[in-house]
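Undergrad: Dropping a prediction and its sequence here:
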Amino acid sequence: MTTRWLTPEEQRAWRAYIGAVHLVEDALDRQLQQEAGMPHMYYSILSTLSESPERRLRMTDLAERLKITRSRLTYAVTRLEKDGLVLRENCRWDKRGSIAALTEEGMTVLEGAAPGHVETVRSVLFDRLSPEQVGQLEEIFSTVTEGFQGDPANTTGDDVPWRRRSAKSCS
């Protein structure tokens, strides 16, 4: 098999992408830690739940929306549950599943953290782009995301994080 090395243009684009992703994520994490005492991942969980019907989502659906593994989500929700920001409930229609629910305290914390978070997102990303570039950014990353998700009928693969099984056995 022949290695398809990156062209110089692709290499520059790749390195620009990696640098930007790391810097943006670092800025978001630092701002949220300083102002809200939580990492960006926890804010994303609270935010996603706040936008869901009745502020509840099945854990597997929440993992899919956040594009993370179920084990990473379980760890984060356990921490948020200890802080009183999220409750975990049994799923009535699937005994194996559980629901993450945003508490009133969680909503209050989210509402307090949101203005600073949005300002940081604007200042580190959108204020640096033209409206045309914002549209291009959406188009580019939507295409990348769709490529990973592939055929929606294929639910057995581990090509996306929320479908991956833990390497540990539960026996």
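TA: All right, it came through fine.

Undergrad: Distance check, T60 against Y42.
TA: 19 Å (C-beta to C-beta, to the nearest Å). Where C-beta positions appear, they are placed from N, C-alpha and C, glycine not excepted.

Undergrad: The two: which is more packed in?
TA: Y42 (24 against 17; other C-beta atoms under 10 Å).

Undergrad: So the more buried one: helix, strand or coil?
TA: At Y42, secondary structure determined by DSSP: H, G, I helix; E, B strand; the rest coil is helix.

Undergrad: any idea which residue sits dead centre in this structure?
TA: L66 (3.2 Å; C-alpha atoms, centre = their mean).

Undergrad: For that one, list the residues it contacts.
TA: M41, S44, I45, T48, L73 (C-beta atoms under 8 Å, 6 or more residues apart in numbering).

Undergrad: for the longest helix anywhere in the chain, the distance to its chain's centre please.
TA: When the chain is parsed with DSSP state H, its longest helix is helix 8-36. Offset of helix 8-36 from its chain centre (C-alpha atoms, centre = their mean, to the nearest Å): 15 Å.

Undergrad: do the same with stretch 20-40
TA: The answer for stretch 20-40 is 13 Å, by C-alpha atoms, centre = their mean.

Undergrad: again, but for stretch 132-148
TA: The answer for stretch 132-148 is 16 Å, by C-alpha atoms, centre = their mean.

Undergrad: Tabulate the CA atom coordinates of the helix or strand that E132 is a member of in PDB.
TA: Assessed by DSSP states H and E, E132 sits inside helix 131-149. C-alpha atoms of helix 131-149 as PDB (Å, rounded to 0.1, in the frame of the first residue of the first chain):
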ATOM      1  CA  PRO A 131     -19.600  36.500   7.300                       C
ATOM      2  CA  GLU A 132     -18.400  34.600   4.200                       C
ATOM      3  CA  GLN A 133     -15.800  32.700   6.200                       C
ATOM      4  CA  VAL A 134     -18.400  31.800   8.900                       C
ATOM      5  CA  GLY A 135     -20.500  30.200   6.100                       C
ATOM      6  CA  GLN A 136     -17.400  28.400   4.800                       C
ATOM      7  CA  LEU A 137     -16.500  27.200   8.300                       C
ATOM      8  CA  GLU A 138     -19.900  25.700   8.700                       C
ATOM      9  CA  GLU A 139     -19.900  24.000   5.300                       C
ATOM     10  CA  ILE A 140     -16.400  22.500   5.800                       C
ATOM     11  CA  PHE A 141     -17.100  21.100   9.300                       C
ATOM     12  CA  SER A 142     -20.500  19.900   8.400                       C
ATOM     13  CA  THR A 143     -19.000  17.900   5.500                       C
ATOM     14  CA  VAL A 144     -16.300  16.500   7.800                       C
ATOM     15  CA  THR A 145     -18.900  15.500  10.400                       C
ATOM     16  CA  GLU A 146     -21.200  13.900   7.800                       C
ATOM     17  CA  GLY A 147     -18.300  11.900   6.500                       C
ATOM     18  CA  PHE A 148     -17.600  10.400   9.900                       C
ATOM     19  CA  GLN A 149     -21.200   9.500  10.600                       C
END
